[in-house]
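Chemist: what's the 3D shape of this:
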Amino acid sequence: MKVLVLVANPNPGSFCHAIAQTAKEQLQSQGHQVTFHDLYAERFDPLLPVGEIPKDAPLDPVIQHHCQEVGQAEGFVVVHPNWWSMPPAILKGWIDRVFRQGVAYTFTKDGVQGFFQGRRAVVFTTSNTPRDIELSVFGDPLENLWKTCIFGFCGLENFYRRNFEPIIESTLQQRQAWLQEVRQIVRERFASG
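Modeler: Purely as a prediction, here's the structure:
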């Protein structure tokens, strides 16, 4: 299976990077073909120029390359921190520029037709807010964003998300256990057959 792994955290020593690396290693150990992008390290430009909005607009070669990878991907692993109940702007900009009409979906007379049917996605997020407070105060907007507004809109139904929290108070032992959980989730969600 071709799996696209994205990490969006400006700190290369972050727990997000540890999650992404663990997921990448697990996928490769299962024989999957992994495409890996660290959006900050690559200095991905998240700004969507107006000329890129039309469906058939000419695209910057970097964006065209990302679009080709998305079109070929059978699975996605996305890793990012929860900032203000949203992904970092660089990742939102990647979605704006790459999950574009003609690549991830199209409009028909019957509405939106997503192109990601039969694919799968796992989103790992990190936060410093304890889970009970996140749910009671904010209602977990990242779950809705990724499951419904992004992947669901694009026709993907095989979706799973895991948030690790609170990172700021976690111990090395906890983080090591969480990385084992990442391995298990990836192993199960990207099992062959």
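Chemist: Sketch out the strands for the chain, chain order is fine.
Modeler: Remark: strands assigned in the chain by DSSP state E are 2-7, 33-38, 75-81, 105-108, 111-114, 120-126, 158-164.
Chemist: Tell me which of those sits nearest to His66.
Modeler: Distances from His66 to each of those were compared using CB to CB; the shortest belongs to strand 33-38, at 7.7 Å. Just so you know, the C-beta spots here come from the backbone N, C-alpha and C atoms, and that holds for glycine as well.
Chemist: Pull out the buried positions in that closest one.
Modeler: Applying a neighbour-count criterion of 16 or more other CB atoms under 10 Å, one finds 34, 36-38 buried in strand 33-38.
Chemist: neighbours of His17, just the number please.
Modeler: Burial of His17, expressed as a neighbour count using other CB atoms under 10 Å, amounts to 17.
Chemist: just checking, it touches Asp38?
Modeler: Yes. Under the contact definition of CB atoms under 8 Å, His17 touches Asp38, with a separation of 7.4 Å.
Chemist: hey, what's in contact with both of those two?
Modeler: Val7 (CB atoms under 8 Å, 6 or more residues apart in numbering).
Chemist: Model confidence score at the closest residue to Asp56 other than its chain neighbours, please.
Modeler: Closest residue to Asp56 apart from its sequence neighbours, by CB to CB, 6 or more residues apart in numbering: Gly102 at 7.3 Å. On pLDDT, Gly102 comes in at 96.
Chemist: In this structure Gly102 contacts Pro54, no?
Modeler: No. Here Gly102 does not reach Pro54: they are 9.8 Å apart, not a contact under CB under 8 Å.
Chemist: check contacts around Phe107.
Modeler: Taking CB under 8 Å, 6+ apart, we find Phe107 in contact with 101, 113.
Chemist: how much space between it and Arg189?
Modeler: Taking CB to CB, to the nearest Å as the measure, Phe107 and Arg189 are separated by 30 Å.
Chemist: who are the neighbours of the helix or strand bottoming out on mean pLDDT in the chain, in terms of helices and strands?
Modeler: Least confident element among the helices and strands of the chain, by mean pLDDT, DSSP states H and E: helix 131-133 (a mean of 82). If you count contacts as 3 or more CB pairs under 8 Å, 6 or more residues apart in numbering; DSSP states H and E, helix 131-133 packs onto no helix or strand.
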